[in-house]
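Asker: requesting a structural model of the entry that follows:
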Amino acid sequence: MSKATFEEIIQRDGKLIYTNKGNSMMPLIKEGRDLLVIERTNGRLKRFDVPLYKRDTGQYVLHRIMRVRKNDYVICGDNRINYEYGITDRHIIGVLTAVIRNGKELSVHSMKYKAYVYLWYLLLPLRFVLIKTRNLIRRIRKKR
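Answerer: Okay, here's the model as predicted:
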């Protein structure tokens, strides 16, 4: 029996609950710790929504929308500094509606989540410097 794809599960059940791989959405989402609730989208997404999308390479990605443009979205992970361009509605499978951590659900509509998003966005310039510095230190250590 073959495994169902994310698209098939969302189409069939209306939502997908899974745990992610990778660290691109830290500190909000940590690999192996959190369960993510992804639901069908209803129309165009908004700035700061977190879509699950599938790149043309077939890779599934969960990143935050930084800018909504007429024909596409500009997207970036919370733990990344490089923006991704050209993600269109055809790439999007669903959108994050909640994070479940230690059995407690954090809705994207809660004040706690909205405060996190706002603060994280305000810290974007500082995050850029911190992530660049961290990456430089890693490269220096690797050369040793």
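
Asker: scan this protein for its longest helix.
Answerer: Across the chain, the longest stretch assigned as helix under DSSP state H is helix 124-143.

Asker: do a quick rundown of the strands in the protein.
Answerer: Secondary structure of the chain, counting by DSSP state E: strands at 15-18, 35-39, 51-54, 60-62, 64-68, 73-76, 84-87, 92-101, 104-107.

Asker: partner strands of the shortest one, parallel or antiparallel?
Answerer: Sheet neighbours of strand 60-62, with direction, are listed as strand 51-54 (antiparallel) (DSSP bridges).

Asker: name the residues that touch the partner strand?
Answerer: 6-7, 16, 38, 41, 45, 60-63, 65, 73, 75, 87, 91-96 (C-beta atoms under 8 Å, 6 or more residues apart in numbering). (Each C-beta comes from the backbone N, C-alpha and C, glycine too.)

Asker: now it - C-alpha only, PDB.
Answerer: Extracted C-alpha coordinates of strand 51-54, given in PDB (Å, rounded to 0.1, in the frame of the first residue of the first chain):
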ATOM      1  CA  PRO A  51       1.800  28.000   3.900                       C
ATOM      2  CA  LEU A  52       2.900  24.500   3.200                       C
ATOM      3  CA  TYR A  53       4.000  24.500  -0.400                       C
ATOM      4  CA  LYS A  54       5.700  22.200  -2.900                       C
END
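
Asker: make residue 1 into 45 and carry on from there
Answerer: From this message on, residue numbering opens at 45, which makes the last subject strand 95-98.

Asker: the residue most central in space within the chain and C120: what is the separation?
Answerer: Nearest residue to the geometric centre of the chain (C-alpha atoms, centre = their mean): H107, 2.6 Å. Here H107 is placed at a distance of 6 Å from C120 (C-beta to C-beta, to the nearest Å).

Asker: re earlier: just the pLDDT for the residue nearest to the centre of the chain.
Answerer: The score at H107 is 98. That number is its pLDDT.

Asker: many thanks, I have nothing further to ask.
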